[in-house]
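J.: Attaching a predicted model along with its sequence, questions to come.
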Amino acid sequence: MSISKIQTGDKVKVISGKYKGTIGVVTTVNKHRISKYVFTKRITVTNIPQIVKYRKAVNYQGESYPGSQTYIDRTLDISNVSLITEKNEISKSKIDIIEGKKVRILKKDSTPVIREKIVKKTEKTKELK
């Protein structure tokens, strides 16, 4: 079984894009299939603002539907983030077998990757008049 270099609970730093330099914890990892053998991974990170989707109020066939605001988590490609050490330095990781288990180790200081507990952002919906 393979092990991913970046998993939920990892402390990461955004290295490219609009939110470059932002440090946060990975909340979800989504794997999407592009074609039969090609996959892409997208992640959500804390401290990156959510996307707001607005829905207009509508009167349709005698019934009225209120408008709403929905907050959706913003996703980033997994190649735009990198793991960081406790001193907030960017580091690559390698996978070693210790006591019969696969363990991810940071190359910069040879310490195992510590996964933090996650407080998930919930999708909010606010109804407007």
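T.: Yep, that arrived. Small disclaimer: the values here were computed from a predicted structure and weren't measured.
J.: longest strand of the protein?
T.: Longest strand in the chain, counting residues (DSSP state E): strand 23-33.
J.: elements contacting the next helix or strand after it?
T.: Next along the chain after strand 23-33, taking DSSP states H and E as the criterion, comes strand 39-45. Here strand 39-45 touches strand 23-33, strand 75-77, going by 3 or more Cβ pairs under 8 Å, 6 or more residues apart in numbering; DSSP states H and E. Every C-beta, even on glycine, is put in place using the N, C-alpha and C of the backbone.
J.: Looking at those strands, which is nearest to T85?
T.: Closest to T85 of those is strand 23-33 (Cβ to Cβ; 11.5 Å).
J.: The closest one: how far from the chain's middle?
T.: 3 Å (Cα atoms, centre = their mean, to the nearest Å).
J.: partners of that strand in the sheet?
T.: Strand 23-33 has the following sheet partners, assigned by DSSP bridges: strand 11-14 (antiparallel), strand 39-45 (antiparallel).
J.: So which of the ones you listed is the most surrounded?
T.: strand 11-14 (a mean of 20; mean count of other Cβ atoms under 10 Å).
J.: contacts for it?
T.: 6, 20-26, 45, 48, 76, 80-84, 88, 90, 114, 116 (Cβ atoms under 8 Å, 6 or more residues apart in numbering).
J.: Give me the buried subset of those.
T.: Applying 16 or more other Cβ atoms under 10 Å to those, the neighbour count classes 6, 22, 24-26, 45, 48, 76, 80-84 as buried.
J.: any idea which of the residues you listed is least confident?
T.: For those, the weakest pLDDT value sits at I6, with 89.
J.: which residues touch that one?
T.: So I6 contacts 12, 26, 29, 43, 78, 81, 83 (Cβ under 8 Å, 6+ apart).
J.: If we use 7 Å, what do you get?
T.: 12, 26, 43, 78, 81, 83 (Cβ atoms under 7 Å, 6 or more residues apart in numbering).
J.: got JSON lines for these, with distance to K108 too?
T.: Listed next are the contacts of I6 as JSON lines, based on distance: Cβ to Cβ, whole Å:
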{"residue": "V12", "distance to K108": "14"}
{"residue": "V26", "distance to K108": "19"}
{"residue": "I43", "distance to K108": "21"}
{"residue": "I78", "distance to K108": "19"}
{"residue": "V81", "distance to K108": "16"}
{"residue": "L83", "distance to K108": "9"}
